[in-house]
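Student: Only the shape, not the letters, is given here:
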């Protein structure tokens, strides 16, 4: 499944006609049929108020009114806008409604509007669609409030009106839909953390846009089990029958300073649970507390590094001189090793000059949360468009795979970008990020490429937490659940 910026849709429609002779009338008709099918399948109702603006989203609404009427639904169209702004295709669908004698109310007062929607079982939102930017006008706000306080079931066509489909930002009175049927491709703004709550259920409808058009547009892969399974299968090397533990892959973990010994060991154990055959761990802490018997503890940093070509550095490492010396040693000796930097390692790298920072990060994997990313890049992001742009630019400039955490998590190598929109409070616990780094490290040890390991790792990590029986699990509980999502996505 792919996501695009909503602002690209007009261009996609134009290409569909120019290259494939698919007229906009067909796209609008397919959108209306898809919305009608969704409503009939999901709900039992006999009447619908269709609230329409004056852009092409209203054309979808007019066509939907016709299809609902033809299926025996009492359709009432409420126009909030100017007919003079209709496109030819929107005007055509409006005229058809007139011919069919479907009830149409043009720009009723807020009080009249409230009464009209109260008389219908459900409401269809076809006011703005992908065209909304900024804030609602003072004139329109009462109508939006009336819909949101009506207690009626609401379906939004393409995008809940009041939501910016590029950024995910929304007006405070944005329509809150029970169902949103988005057309052709998911609009990226729908995946932003605050936008997810604007639609209880998101359905994606095929409206005859050829996939080739979408793939040539700026697009993003939405992380789904089926897509990630295909990605994994493309790289997976079958190892049948008996194999030695060293053939399953090895990884070296460096971190765990005084008081944070558990951090690096959580990551190390997660790598083992993910399928790494042997894990070597070097702790900076003089205490050398050991919590997991399966981990091989190295006495020196160089001993740990020489054991594998996959190094994970930063979990509980601290930011003192000893940690900085360890990082310098890692960078000096890395050669062709793959390095994943997390947590304190990223904080230390952020203090380096630009030249040194680029040298450290080249061909690495980094897993920053937003504050760590701010320290690294000096950039903040306030919406999904900014987040994607920041991650892609950083990946391109520093030649690294970026796993930019906090929902939606963005994974990118600057050429391909994957969005993982799922979110759960269960992941908001100490050590969660350590487990993620360990899972990715384990996948790297198994031979997956940095981009694939990172994408699979985010999926596995999420469900390892999500499947926890406790409502407030600890990161240690995630370890018990790693095998289930691995089986789901790797068919292991």
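Tutor: Noted; the coordinates are in hand. Because the structure is a prediction, the values reported are computed rather than measured.

Student: what domains does the record give for this structure?
Tutor: 2-220, 225-490 (automatic domain parsing).

Student: Now mean neighbour count too, for the ones you listed, in CSV please.
Tutor: (Glycine included, C-beta is placed from N, CA and C.) Listed next are these as CSV, based on neighbours: other Cβ atoms under 10 Å:
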stretch, mean neighbour count
domain 2-220, 20
domain 225-490, 20
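
Student: need these in CSV with mean pLDDT, can you?
Tutor: Output for the domains of the chain, formatted as CSV (pLDDT from 0 to 100):
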stretch, mean pLDDT
domain 2-220, 96
domain 225-490, 94
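
Student: doesn't residue 478 make contact with residue 434?
Tutor: No: using Cβ atoms under 8 Å, residue 434 makes no contact with residue 478, being 9.7 Å away.

Student: Find the residues that touch each one of those two.
Tutor: Common contact partners of residue 434 and residue 478 (Cβ atoms under 8 Å, 6 or more residues apart in numbering): residue 270.

Student: quick one, helices of the stretch 1-150 of the chain?
Tutor: 9-20, 24-42, 56-70, 88-100, 110-118, 141-148 (DSSP state H, counting those that start in this stretch).

Student: so can I have CSV of the ones you listed showing distance to residue 222?
Tutor: As requested, the helices of the stretch 1-150 of the chain are exported to CSV (distance: least, Cβ to Cβ, whole Å):
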stretch, distance to residue 222
helix 9-20, 17
helix 24-42, 19
helix 56-70, 23
helix 88-100, 29
helix 110-118, 33
helix 141-148, 27
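
Student: The ones you listed: which one's closest to residue 391?
Tutor: helix 9-20 (23.1 Å; Cβ to Cβ).

Student: which helices and strands sit right next to the closest one?
Tutor: Contact here means 3 or more Cβ pairs under 8 Å, 6 or more residues apart in numbering; DSSP states H and E; on that basis helix 9-20 packs against helix 24-42, helix 211-216.

Student: Out of the ones you listed, flag the one nearest residue 263.
Tutor: Between residue 263 and the helices and strands packed on helix 9-20, the tightest spacing by Cβ to Cβ is seen for helix 211-216, at 40.8 Å.

Student: Tell me which residues are up against the closest one.
Tutor: By Cβ under 8 Å, 6+ apart, the residues outside helix 211-216 that reach it are 2, 4, 12, 15-16, 19-20, 184-185.

Student: what do you get for stretch 35-50?
Tutor: So stretch 35-50 is contacted by 60-62, 64-65, 67-68, 71-78, 116-117, 119-124, 126, 152-153, 155, 157, 179, 181, 203, 205 (Cβ under 8 Å, 6+ apart).

Student: mind pulling up the phi and psi values for residue 219?
Tutor: phi -140, psi 170 (degrees, to the nearest 10).

Student: so who does it touch?
Tutor: By Cβ under 8 Å, 6+ apart, residue 219 lies in contact with 2-4, 185.

Student: secondary structure class for the closest residue to residue 383 other than its chain neighbours?
Tutor: Leaving aside its chain neighbours, residue 383 sits nearest to residue 167 (3.7 Å; criterion: Cβ to Cβ, 6 or more residues apart in numbering). With DSSP: H, G, I helix; E, B strand; the rest coil as the basis, residue 167 sits in coil.

Student: Looks like residue 167 contacts residue 387 (just checking).
Tutor: No: using Cβ under 8 Å as the test, residue 167 is too far from residue 387 to be in contact (9.5 Å).

Student: Touching, residue 220 and residue 387? I think so.
Tutor: No: taking Cβ under 8 Å as the definition, residue 220 is not a contact partner of residue 387, at 11.1 Å.

Student: before we move on, the earlier item: ok, the residue nearest to residue 383 to residue 389 distance?
Tutor: Per Cβ to Cβ, to the nearest Å, residue 167 is found 11 Å from residue 389.
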